[in-house]
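> The sequence and its predicted three-dimensional model are supplied below.
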Amino acid sequence: QLQLVESGGGLVYPGGSLTLSCVASGSALDDYAIGWFRQAPGEDRVEDREGLSCISSRGGRTNYGDSVKGRFSMSRDSAKNTMYLQMNNLRPEDTAVYYCAAAEGSIWCSGMDYWGKGTLVNVSS
């Protein structure tokens with residue numbers, strides 16, 4: 001059973017940067033399509049989470065959502081079984097709970113099977 005734990009959230013000024021980490025245990029991340037999602041604080045419907053980025057399970061291609069393209073960068077460290085989300089030029093509208101997730105048996109991030117508990121990012125002056 002894959003388990004995911006996010007860290008790195010916090011308070012940051014507009015225009016600032018933050019790096020989120022997601023450590024996996026129980027299985028190798030390389031076997032999954034992995035992605036980062038976010039959701040407004042106080043909401044918890046999984047289907048309402050916004051997909052931000054995804055690394056495919058084969059070939060390691062990466063896609064980004066339009067709202068973060070050019071500002072956010074996702075990576076994976078197979079040796080550490082960890083995924084990252086580097087966030088630059090943060091805006092107040094980026095304030096959200098950020099989740100990492102993994103999909104089993106899927107090339108891209110569709111119908112995620114495993115979720116972390118989330119980490120809060122607050123962009124405010």
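Cool, the structure landed.

> Only C-alpha atoms from now on, for both contacts and neighbour counts.
Fine.

> Quick check: bridge partners of the residue positioned nearest the centre of the chain?
Nearest to the geometric centre of the chain sits W36, at 2.1 Å (CA atoms, centre = their mean). Beta-bridge pairing of W36 under DSSP bridges involves S53, C100.

> and C109, what does it touch?
A33, I34, G35, C54, I55, S56, A102, A103 (CA atoms under 8 Å, 6 or more residues apart in numbering).

> please redo it, this time with the cut-off set to 10 Å
32-36, 51, 53-57, 63, 101-103 (CA atoms under 10 Å, 6 or more residues apart in numbering).

> remind me which residues of this protein are low pLDDT?
Scanning the chain for pLDDT under 70 picks out 59.

> Could you rerun that using 50?
Applying pLDDT under 50 to the chain flags no residue at all.

> picking up where we left off before, ranking the contacts of C109 by neighbours, who comes first?
The residue in the contacts of C109 with the most neighbours, by other CA atoms under 10 Å, is I34 (31 neighbours).

> ok, that residue touching S56?
Yes: the pair I34 and S56 qualifies as a contact (CA atoms under 10 Å) at a distance of 6.7 Å.

> Identify the residues contacting the residue nearest to the centre of the chain.
20, 22, 49-55, 64, 74, 83-85, 98-102, 109, 115-116.

> hang on, the earlier thing: shared neighbours, I34 and S56?
T62, A103, S106, I107, W108, C109.

> so is the last one in a helix, a strand, or just coil?
Read that as C109. Here C109 is recorded as coil under DSSP: H, G, I helix; E, B strand; the rest coil.

> how near is it to Y64?
Distance, C109 to Y64, by CA to CA, to the nearest Å: 11 Å.

> is it true that R38 touches S67?
No: when contacts are counted by CA under 10 Å, R38 is not listed as touching S67 (11.5 Å).
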